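J.: Sequence plus predicted model, see below.
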Amino acid sequence: MNPKHQPTRRGVLAGAGAAGLAAASGAPAQTLQPMLGIYPTRSTSSWAFYIAKEAGFYAKNGIEARLEFGLHPVGLAGLIGGEVQFTNYSLDDTAAAAVRDPNALVIYSSLLSKANFALMARPEFTTVESLKGKRMGCGRIGDPPYHYSVGLFKKYGLAAGDLQWVPTGTDTNARAQMILAGQLDAGLITAPAWYVLEARGQRRLTGLQEHPDLGVFTGLTVKRSWAAANPGAPEKLIRAHSQAVHFLYTEKKSAIEIYRKYDTAANLADCERMYDDIFATSAIDRVPLMPKWAAEAVTGRIGGDVPAAKTFDYQRIMDMSIVRRLIAEGFFTGLYGDSIKAEQTKLMETGYM
């Protein structure tokens, strides 16, 4: 494990809830702002949402949050329609929507920059190339696992048309079961679901971890007009998620307990392995500035299906000004101490404005 993230135990959950703290002190409880957040995947990219809710960081920052699971495109459609206030969508999805209407959505922070995906296949397939012409699962054509898979196959000389794509309309856990049942030959599967497949004799051919240039990014995404009408809300969300990420890196046992509440198919051993993978690679962003090279990674994946993405100015959907101000104000050094400063400096030089 990376020593800069060495977990500590505090004995109580941080951020026990603003209303409860106010009641205990005799002070009037603050009015919380209701918000609905949609998370499109039960995986590490949603972990900060889970912790912000269960450990009280939303409430601590004045938010009455309700979280719901919704496969793509439920979250983006809900944002645009006004029913949903925030999501943790992949940059691939947000960019594909933004090229059609660059004024509809805005990304205020990064949430994850490395994804624990594995290309899992039935045991008779021994190489990525051997999947040519075979049944490859995805939630739907054009969703993030589809685009990640297309980018991955390109590295092995395979085009999208070389696979039989099977849209399942389901999440990664269901696709994993379909591989076991022989309904799919392969699929790009997130942890901890791919750990289960591996333990049951399925073959891991490669993973996105072996190809860091592919870059998997998720960001806090909201509707631009909602942010304008609620000028303090994006900062509340960024603070809550950042405090949740700090909790994740310092409270392993509690963080895993929270994760398993939302992903009931995940067992304890697999969640511990997933946590250790995140811990070792700093996959979940401590300083949530989206790096500029993320656009190159996304364009390389979706440019074939969305040609307008090749010339799109990603700065139009990025607003990192709140994160940059929080850096300047010492918010992240207050969470992590001086050890975070080098990380901040690097991101300030390479991140979006």
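T.: Yep, it's here. Small disclaimer: the values here were computed from a predicted structure and weren't measured. Numbering: from 1, shown residues only.
J.: C-alpha only now, for contacts and for neighbours.
T.: Fine.
J.: And the residue nearest the centre of this structure?
T.: Residue closest to the mean C-alpha point of the chain, counted by Cα atoms, centre = their mean, is Ser45 at 2.5 Å.
J.: Domains in the protein, by residue range?
T.: 3-113+216-350, 117-214 (automatic domain parsing).
J.: rank the ones you listed by pLDDT, which is bottom?
T.: The minimum mean pLDDT among the domains of the chain belongs to domain 3-113+216-350 (a mean of 88).
J.: Now do that one: distance to the chain's middle.
T.: 7 Å (Cα atoms, centre = their mean, to the nearest Å).
J.: For the host helix or strand of His246, which helices and strands make contact with it?
T.: In this structure, His246 sits in helix 233-250 according to DSSP states H and E. Contact partners of helix 233-250 among helices and strands, from 3 or more Cα pairs under 8 Å, 6 or more residues apart in numbering; DSSP states H and E: helix 47-54, helix 57-60, strand 105-112, helix 331-336.
J.: Would you tell me what the next helix or strand after that helix is?
T.: helix 252-262.
J.: Point out the other helices and strands that that next one packs with.
T.: Going by 3+ Cα pairs under 8 Å, 6+ apart, helix 252-262 lies up against helix 47-54, helix 268-281.
J.: angle of that helix against helix 233-250?
T.: 120 degrees (axes from the mean of the first three to the mean of the last three Cα atoms, to 10 degrees).
J.: Got phi/psi on the residue nearest to the centre of the chain?
T.: phi -70, psi -20 (degrees, to the nearest 10).
J.: wait, it sits on Ala283?
T.: No: contact criterion Cα atoms under 8 Å: Ser45 and Ala283 do not qualify, at 9.1 Å.
J.: what residues do the two have in common as contacts?
T.: Counting by Cα atoms under 8 Å, 6 or more residues apart in numbering, the shared contacts of Ser45 and Ala283 are 112, 115.
J.: would Val222 count as being in a helix?
T.: No: counting by DSSP: H, G, I helix; E, B strand; the rest coil, Val222 is not found in a helix; it is strand.
J.: Now do it against Val106, distance only.
T.: Val222 sits 6 Å away from Val106, going by Cα to Cα, to the nearest Å.
J.: More neighbours: which of the two?
T.: Taking neighbours as other Cα atoms under 10 Å, Val222 and Val106 compare with Val222 leading, 27 against 24.
J.: I figured the more buried one hits Tyr89, correct?
T.: No: using Cα under 8 Å as the test, Val222 is too far from Tyr89 to be in contact (9.8 Å).
J.: can you list contacts of stretch 175-194?
T.: Under Cα under 8 Å, 6+ apart, the answer for stretch 175-194 is 43-44, 115-122, 131, 134-138, 145, 149, 166, 168, 172-173, 197, 202, 266, 270-271, 274.
J.: With only the CA atoms kept, save it in CSV.
T.: Only the C-alpha atoms of stretch 175-194 are listed here, as CSV (Å, rounded to 0.1, in the frame of the first residue of the first chain):
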residue,chain,number,x,y,z
ARG,A,175,-23.0,-9.3,-17.3
ALA,A,176,-20.6,-11.3,-15.2
GLN,A,177,-23.3,-13.8,-14.6
MET,A,178,-24.1,-14.0,-18.3
ILE,A,179,-20.4,-14.9,-19.0
LEU,A,180,-20.7,-17.7,-16.4
ALA,A,181,-23.9,-18.9,-18.0
GLY,A,182,-22.4,-19.0,-21.5
GLN,A,183,-24.6,-16.2,-22.8
LEU,A,184,-21.6,-14.0,-23.5
ASP,A,185,-18.1,-14.9,-24.5
ALA,A,186,-16.5,-11.9,-22.9
GLY,A,187,-17.1,-8.5,-21.3
LEU,A,188,-15.3,-5.6,-19.7
ILE,A,189,-16.1,-6.1,-16.0
THR,A,190,-15.5,-3.8,-13.1
ALA,A,191,-14.2,-4.9,-9.7
PRO,A,192,-15.3,-6.6,-7.5
ALA,A,193,-17.4,-8.5,-10.1
TRP,A,194,-14.4,-9.6,-12.1
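J.: just how off-centre is it within its chain?
T.: Using Cα atoms, centre = their mean, the offset of stretch 175-194 from its chain centre is 20 Å.
J.: Show me which residues of that stretch are buried.
T.: Of all the residues in stretch 175-194, those buried under the rule 16 or more other Cα atoms under 10 Å are 175-176, 178-180, 184-194.
J.: and if you look at stretch 297-316?
T.: 297-299, 301-303, 306, 308-310, 312, 314.
J.: Narrow these to those in strands?
T.: Assignment to strands by DSSP state E places none of these there.
J.: Save the residues you listed as a markdown table, and put in distance to Leu76 too.
T.: Formatted as a markdown table, those follow (distance: Cα to Cα, whole Å):
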| residue | distance to Leu76 |
| --- | --- |
| Ala297 | 21 |
| Val298 | 17 |
| Thr299 | 19 |
| Arg301 | 19 |
| Ile302 | 17 |
| Gly303 | 20 |
| Val306 | 17 |
| Ala308 | 19 |
| Ala309 | 18 |
| Lys310 | 21 |
| Phe312 | 19 |
| Tyr314 | 17 |
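J.: Glu272: what's its closest spatial neighbour, skipping adjacent residues?
T.: Spatially, and ignoring its direct neighbours in sequence, Glu272 is nearest to Ile256 (7.1 Å; Cα to Cα, 6 or more residues apart in numbering).
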